[in-house]
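Undergrad: Okay, here's the prediction I keep looking at, along with the sequence it came from:
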Amino acid sequence: MSLDENALITWELAKSLLNLLDEDQEKVEFLINGASEQAERITGRLLGYRTFDDYLPGNGSNKLFLPLFPVYQITDIRIDPDRVFGDDTIVTDYDLENTTGIIYLFDSVFPDSRKSIKIQYSGGYSKAPSGGESPVPADLQSAILEIVKWNFGRFQGLKFGIKGENADGINISYEITVPLNARQIIEGYRCHRL
């Protein structure tokens, strides 16, 4: 097992902060990948660094919301309602808000049609940034670490995350989903776009 490109923390970070052994690496990398995917499902957006090469729909306005942000670099944007995407469809006159992933056209609009925009760019949070990429925020790394620790402990039969206790009896229930603290941090990265 190895870490996916879009994993939100490294094995080295998990190993040092959770006092793990080298023999745990394969299991923990599996858990890191799973926790990173889980964070993307909770937020409803892509979080980990990756290169995006796809076709997007237009919306009839001069504003386009990219699905992956923060944006590190745009390599190519082409707009063509006929979906031929020749050299005459390359767009160069735009403004980009890197942190929000919003592209603004200056003198035109994105056509209101399916797959009329071809875009190549890289973005998301990088677990090992180099050359200007956005690092994974510390609170998000902390949430992923908490999920990894919680799942690793569960696989070893440890009881984590007491959800409720009965004072009179010995009725203890445990969380069976993402720890609440981690979930609240991750939910803070939800995409709320209009």
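TA: Yep, that arrived. Since the model is a prediction, treat every value here as computed from it, not as a measurement.
Undergrad: Go through stretch 126-137 and flag the buried ones.
TA: 126, 127, 133, 134, 136 (16 or more other CB atoms under 10 Å). No exception for glycine: its C-beta is placed from N, CA and C like everyone else's.
Undergrad: Residue 33: which of the residues you listed is nearest?
TA: residue 127 (11.6 Å; CB to CB).
Undergrad: Could you measure from the closest one over to residue 17?
TA: Here the criterion is CB to CB, to the nearest Å. By it, residue 127 lies 14 Å from residue 17.
Undergrad: rewinding a little: dump the buried residues of stretch 126-137 to JSON lines, plus distance to residue 91, secondary structure and pLDDT.
TA: Below are those laid out as JSON lines (distance: CB to CB, whole Å; DSSP: H, G, I helix; E, B strand; the rest coil; pLDDT from 0 to 100):
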{"residue": "126", "distance to residue 91": "26", "secondary structure": "strand", "pLDDT": "90"}
{"residue": "127", "distance to residue 91": "31", "secondary structure": "coil", "pLDDT": "84"}
{"residue": "133", "distance to residue 91": "23", "secondary structure": "coil", "pLDDT": "79"}
{"residue": "134", "distance to residue 91": "23", "secondary structure": "strand", "pLDDT": "84"}
{"residue": "136", "distance to residue 91": "30", "secondary structure": "coil", "pLDDT": "94"}
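Undergrad: Okay then, goodbye and thanks.
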